[in-house]
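**Student:** return atomic coordinates for the entry below.
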Amino acid sequence: MSRSDRIPVVPAVLKWARESAGLDLPRAAKLSGVSQSTVESWETGNLQPTIKQLRTAAQKYHRPLAVLLLTVAPADFDAMHDFRRLDLAAGHEWSPRLHAEYKRALSQREVLLELAEVSPASLPTPGQQPAIASTAPIEDAGAMLRRALRLDETKPDWSQPLDALKACIRAVEALGVLVVQTQRVDVSEMKGFSVAEWPFPVIALNGGDWPRSRLFTLFHELAHIALNAGGLCDLHEVKGSAGRSEDVEERRCNQVAASALMPSGVFIADPLVSRVGNRHIWTVAELRDVSSRHGASAEAVLLRLVGLGLATWDLYWERKAELDKGYAEARDWERERRRQKKGGPSYYVVHARDLGHGYVTSVLDAFYSRAISSLDVADYLDLRFDQLAKLETAVLR
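**Tutor:** Just a heads-up that it's a prediction; the model follows:
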């Protein structure tokens, strides 16, 4: 087939794909490298795209090419439960970037499902699928996640946040979970999201968040998957015992994540925790001191103290305002530092991180075993074929 041949597509499907990606006509045209009138003609049926144009549109709309060839636009393709706080979840439109990152995650999952058929040897043998009953005690649920990830055997260095995050991501990937990271989605809009469907459930972390915070989000989203209740999260807490079912679910996943990261026996034996009583008024500095030994953020440490009866919810809400202010100031400082500083991680290092090292490795293995073509590998890894070697080098670092 010539690359200039026109492909018969259903106009409504192309329009649905563009709109569900959060793109208006001018932006879609610019990303696709065509005029706005061309995109309008595709969507009215007056013009069919070429295969090259359709591939580009699929990439920019963050959809598998096969989806754009459907005869009817899927009614529930974008269904994802919104666990965020009420002011975000109720009638709040997702930003175009969040739309794009969600579509990318789904597209990557579709790729893994395809590889499972054409090149099963390129995929690692998954570990035991974690499952938590909705009635399971928090400590039991946390211990189950910890066993599934074999944390007591691998013993990540919790004092090094980025190293600990990488080690835990590898452990989650070993279970058969696709872990991706997002770019340019504001942390206030999304801390993480998960797709709980097996095989190849998905966890997305906000790449703009701090390593300790991303680590906690990783465990929080794994709890969602183990509860078979994936969705979009901001990991919020709600004052008082009343709340929506989504609020109750978020609190439960926060508690399970805290328990898995900081098992009670180890946490209570911490030098500072063991020295103070359950009436202690924890300072932000003390919380940060404890967090440096357990991999979690200072806020996660405070949640764990509350869960174990070593701090009160009143103290949590008082300190949370201080912690949020500190996080915002630190993010602003880091953003300015990066703006002024030349260098930093290469494009390929960041790209490999965002796609997920496990995903990149599987796609490369399928290509080298000749199960997929050079066009496929470039499409699946979202780069030109001549950039493949640099991405592979970044993955092997």
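**Student:** please make it C-alpha for all contacts and neighbour counts, starting now.
**Tutor:** Noted.
**Student:** how about the helix or strand encompassing Gly265: buried residues?
**Tutor:** For Gly265, the host element (DSSP states H and E) is helix 264-268. Neighbour counts over helix 264-268 (16 or more other Cα atoms under 10 Å) mark Ser264, Phe267, Ile268 as buried.
**Student:** after that helix, next one along is what?
**Tutor:** Of the helices and strands lying after helix 264-268 in sequence (DSSP H and E), the nearest is helix 271-275.
**Student:** so which residues make contact with that following helix?
**Tutor:** Contacts of helix 271-275 with the rest of the structure, by Cα atoms under 8 Å, 6 or more residues apart in numbering, involve Phe267, Ile268, Val290.
**Student:** over to stretch 36-51?
**Tutor:** Residues outside stretch 36-51 that contact it (Cα under 8 Å, 6+ apart) are 3-12, 14-15, 25-26, 28-30.
**Student:** go through the helix or strand bottoming out on mean pLDDT in the chain and flag the buried ones.
**Tutor:** Of all helical and strand segments in the chain, the minimum by mean pLDDT, DSSP states H and E falls on helix 86-89, at a mean of 76. By neighbour count, with 16+ other Cα under 10 Å as the criterion, the buried positions of helix 86-89 are Leu88, Ala89.
**Student:** what helix or strand is Ala204 on?
**Tutor:** strand 202-206.
**Student:** whoops, Tyr348 was the one
**Tutor:** Using DSSP H and E, the secondary-structure element containing Tyr348 is helix 347-355.
**Student:** check the average confidence over that helix, would you?
**Tutor:** For helix 347-355, mean pLDDT rounds to 94.
**Student:** buried stuff in it?
**Tutor:** Result for helix 347-355 [16+ other Cα under 10 Å]: buried residues Tyr348, Val349, Val350, His351, Ala352, Arg353, Asp354, Leu355.
**Student:** just list what it packs against, helices and strands only.
**Tutor:** For helix 347-355, the helices and strands in contact under the criterion 3 or more Cα pairs under 8 Å, 6 or more residues apart in numbering; DSSP states H and E are strand 178-182, helix 388-396.
**Student:** Val377: which of these is closest?
**Tutor:** With Cα to Cα as the measure, helix 388-396 is the member of the helices and strands packed on helix 347-355 nearest Val377 (8.6 Å).
**Student:** just want the angle from the closest one to helix 347-355.
**Tutor:** Angle between the axes of helix 388-396 and helix 347-355 is 60 degrees (criterion: axes from the mean of the first three to the mean of the last three Cα atoms, to 10 degrees).
**Student:** pull out the buried residues from helix 388-396.
**Tutor:** Across helix 388-396, burial judged by 16+ other Cα under 10 Å covers Leu388, Leu391, Glu392, Ala394, Val395.
**Student:** relative to Ser213, which of these is nearest.
**Tutor:** Proximity of the buried residues of helix 388-396 to Ser213 (Cα to Cα) peaks at Val395, which lies at 23.0 Å.
**Student:** how much space between the closest one and Tyr348?
**Tutor:** When Cα to Cα, to the nearest Å is the yardstick, Val395 and Tyr348 sit 8 Å from each other.
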